[in-house]
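J.: Predicted model follows, preceded by the sequence.
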Amino acid sequence: MGGRAQAEAELSQLAAEIRYHEAAYRAGEPEIPDSAFDDLVERYQELADELGIDPAERIDARPGEDHTVGFETVTHRVPMLSLEKLSPNRRDSSGEPMPIGDQLSAWFRRRQKELEVQELPLIVEPKVDGISVSLSYVGGALQRAVTRGDGQRGDVITKQVSQLGTVPLKLDGVDRGELEIRGELYWPLTEFARFNETLDRPLINPRNGCAGMMKRKDPTGLEATGIRSFLYQVAWAQGVKLPRTQGEMLRWLADRGGEVYLSEVFQTGSDEEALRYCEEYQTRRESLDFDIDGMVIKIDDLGMYPRLGATGHHPHWGIAYKFPPERKPTKLLDIQVSVGKSGKLTPVAILEPVFVSGTTVSRASLHNFVELERKDVRVGDTVLVEKAGEIIPQVVEVDKSKRKRGTKRFVPPTECPTCGTEAVSEEIFVYCPNPACPDQVRERLRHFASRPAMDVDGLGEVLVDQLVDRLGVRSPDDLFRVEADALASLDRMGQKSAERVKAGLEQAKGRGLARVLNGLAIRHVGETMAEDLAAYFKTADALLDFAARYVAEDEEAVETVAPAKSTERGAIEGLARKSADSIFHELNSPAVRKVFEGLAEVGVDLSVHAADVREVADVAGKTFVLTGTLPTLKRTEATKLIKGAGGKVSGTVSKKTDYVVAGEEAGSKLAKAQSLGVEVIDEAALLALLGEAN
């Protein structure tokens with residue numbers, strides 16, 4: 001395969017990787033650093049341009065990629081585009097590496113030529129590593145806060161930002177007009193460390209932790225996290241007099257009550273001086289109380305911005321200088337393959353120990369076999385190692401100048417390294433399909449006992465390993481059959497500890513169907529999907545019966561959850577055909593059915609709790625959409641009441657929506673409901689439907 005076919009195959013692989021890493025990031029479990037993700041996107045865009053792919057068909061042009069179910073999505077009045085980056089991987093037209101200084105000089109000269117000026121004042125600002133936010137003000141009062149999303153559309157997080165108390169809710173000295181301010185929400189390192197100490201499962205890093213906190217549907221307590229903000233731009237304004245330069249704009253924002261970093265800003269008319277300041281600033285990273293991944297170089301004169309315009313990806317008035325992460329060379333001793341709870345096979349680098357970013361690293365992630373092939377990593381190579389988000393060690397590059405003759409490419413396994421079962425491929429990943437695989441068993445049992453699943457007190461990783469290795473535990477139901485005396489015989493366990501674990505297991509039996517589904521590590525079934533499946537099917541028997549019908553391609557079953565018409569929504573919010581195929585085939589497998597039988601035998605509750613479900617005639621089977629701020633109910637409380645009465649809650653309005661429950665600041669969902677003729681009710685009417693009105 002060569003030429004266009006090879007390029008199209010690479011584009012397809014890149015698209016799959018980008019989607020996977022976007023999902024991992026939104027789940028708060030990133031596997032690669034932002035720099036590596038940026039490289040994937042940059043290569044994707046480069047290939048898409050070469051192949052002439054229609055912009056509307058590219059993954060980076062599709063709306064809603066960063067959307068979280070349950071959050072209202074709105075269109076940005078001015079797109080929130082990413083800045084072009086000075087890249088250490090960029091090459092000139094002859095294929096030679098292009099130094100950062102040459103890239104910046106070329107950008108500077110292009111802007112001079114386009115603007116027809118000799119002097120071009122620049123301003124350099126720190127690029128704090130947080131999440132971008134758009135803040136809309138009317139008459140100086142905060143009306144709406146929105147995430148960057150995909151740059152075109154973002155999720156509304158007004159309640160979350162307001163609860164934080166870190167951005168101005170009222171701009172000092174502004175009592176008329178409208179404007180949109182752009183800023184960054186970030187978690188200071190000291191506050192992040194303090195908050196992490198209170199958690200059983202620490203957050204991976206400040207940036208992802210901040211993103212997760214802003215997508216908490218119940219904002220209560222966010223003010224105690226210590227998350228801060230800083231403001232850096234006014235995207236548009238109407239009826240508000242604003243300064244003419246970026247430097248003056250930052251001072252104006254500070255005078256209005258916003259947090260900005262005036263002391264960290266550098267102004268110059270020289271691209272060389274701007275670059276020197278960026279390089280010098282890098283030495284200060286260790287002394288800062290916030291993560292910073294680079295600097296932003298902007299043209300200072302705001303009046304020049306409209307004249308420069310933008311591409312579909314980035315504006316022309318600024319460029320980003322990214323700090324290179326600390327990288328250390330070491331020798332790759334071996335490549336091993338690990339098996340995850342879902343059976344995913346992942347290559348892992350075994351390294352000659354090397355000290356990187358504060359710790360000694362001897363193992364590092366290679367992510368997947370497509371990435372391994374792209375980087376051409378081989379045993380015996382000298383490789384460069386860094387930490388993703390300063391936490392996860394990973395191999396980022398091979399020093400091929402030091403490669404010895406005779407090394408061979410790593411061949412992805414055709415069978416599971418643990419149990420020998422023939423491996424299967426799915427997009428860019430390879431899986432072991434054997435649920436009895438010992439490594440899968442171990443990882444699944446750890447997950448089953450974890451806090452988000454069955455939350456079994458005292459059942460940690462070390463104990464799970466002993467249960468598997470010494471007591472022969474293989475299935476979740478086996479956990480409930482282990483006697484206290486057997487537990488007490490294990491290392492670091494006494495009678496009291498054993499009795500505590502047994503008590504935790506007894507308590508876990510009553511967690512209900514949703515927690516069981518989440519605990520079984522079924523691919524594509526996380527907490528939300530588990531709750532929605534449980535709420536719809538009510539019992540494990542009904543769910544498994546449906547799975548059998550779905551697998552048999554019963555037309556009614558398929559249409560129920562994955563309608564053929566793209567305009568139709570299925571009974572389970574957010575469940576697409578591909579995911580439905582995977583979920584119901586796994587639920588219908590003999591191995592999973594056997595687990596359910598075993599759990600029923602030991603007395604685990606496999607139904608939605610009766611206390612949580614009391615079907616109400618006016619609500620059962622109806623689809624509700626919540627929008628705006630309700631007078632007394634929080635969004636999570638209203639959702640729980642509706643689902644508990646047999647109704648469904650969706651994040652989007654369509655012709656199949658029965659009711660839109662509107663509060664203050666209802667926004668676009670209310671307008672769409674009115675245009676479609678969907679009935680709009682308030683909180684009082686909802687409570688009346690639920691039979692809970694006073």
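T.: Good, I have the coordinates.
J.: Show me the longest helix that occurs in the protein.
T.: helix 3-26 (DSSP state H).
J.: you'd agree Leu372 is in a strand?
T.: No: applying DSSP: H, G, I helix; E, B strand; the rest coil, one finds Leu372 to be helix, outside a strand.
J.: need the contact list for it.
T.: Residues in contact with Leu372 (Cβ atoms under 8 Å, 6 or more residues apart in numbering) are Ile335, Pro347, Leu366, Phe410, Pro412. For every residue, glycine as well, the C-beta is placed using N, CA and C.
J.: with these in mind, which one is nearest to Arg474?
T.: Checking the contacts of Leu372 against Arg474 by Cβ to Cβ gives Pro347 as the nearest, at 26.4 Å.
J.: beta partners of the closest one?
T.: Pro347 has these beta-bridge partners by DSSP bridges: Val337.
J.: For it, give its distance to Leu333.
T.: 14 Å (Cβ to Cβ, to the nearest Å).
J.: Between those two, which is the more surrounded one?
T.: Pro347 (21 against 14; other Cβ atoms under 10 Å).
J.: My read is that that one contacts Asn368, right?
T.: Yes: between Pro347 and Asn368 there is a contact under Cβ atoms under 8 Å: 7.3 Å.
J.: before we move on, back to that, just the C-alphas of the longest helix of the chain, formatted as CSV.
T.: Only the C-alpha atoms of helix 3-26 are listed here, as CSV (Å, rounded to 0.1, in the frame of the first residue of the first chain):
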residue,chain,number,x,y,z
GLY,A,3,0.6,6.9,-2.0
ARG,A,4,-3.0,8.1,-1.3
ALA,A,5,-4.1,4.8,0.1
GLN,A,6,-1.4,4.8,2.7
ALA,A,7,-2.1,8.5,3.6
GLU,A,8,-5.9,7.7,4.0
ALA,A,9,-5.1,4.7,6.3
GLU,A,10,-2.9,6.9,8.5
LEU,A,11,-5.6,9.6,8.6
SER,A,12,-8.1,7.0,9.7
GLN,A,13,-5.8,5.8,12.5
LEU,A,14,-5.1,9.3,13.6
ALA,A,15,-8.8,10.1,13.8
ALA,A,16,-9.4,7.0,16.0
GLU,A,17,-6.5,8.0,18.3
ILE,A,18,-7.6,11.6,18.6
ARG,A,19,-11.2,10.5,19.5
TYR,A,20,-9.9,8.0,22.0
HIS,A,21,-7.6,10.5,23.7
GLU,A,22,-10.3,13.2,23.7
ALA,A,23,-12.6,10.7,25.5
ALA,A,24,-9.8,9.8,28.0
TYR,A,25,-9.2,13.5,28.7
ARG,A,26,-12.9,14.3,29.3
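J.: Tell me the gap between whichever helix or strand comes after that helix and the middle of its chain.
T.: Counting by DSSP states H and E, the next helix or strand C-terminal to helix 3-26 is helix 34-51. When distances are taken as Cα atoms, centre = their mean, to the nearest Å, helix 34-51 is centred 19 Å away from the chain's centroid.
J.: For helix 34-51, what does the pLDDT average out to?
T.: Averaged over helix 34-51, pLDDT sits at 74.
J.: for stretch 365-378, same thing?
T.: On average, stretch 365-378 scores 88.
J.: got the end-to-end distance for that stretch?
T.: In stretch 365-378, first residue to last residue: 14 Å (Cα to Cα, to the nearest Å).
J.: next one: stretch 202-209
T.: End to end - Cα to Cα - stretch 202-209 spans 9 Å.
J.: May I see the buried residues of that stretch?
T.: Leu203, Ile204, Asn205, Pro206, Arg207, Asn208, Gly209 (16 or more other Cβ atoms under 10 Å).
J.: what's the answer for stretch 344-354, then?
T.: Neighbour-count burial for stretch 344-354 flags Lys344, Leu345, Thr346, Pro347, Val348, Ala349, Leu351, Val354 (criterion: 16+ other Cβ under 10 Å).
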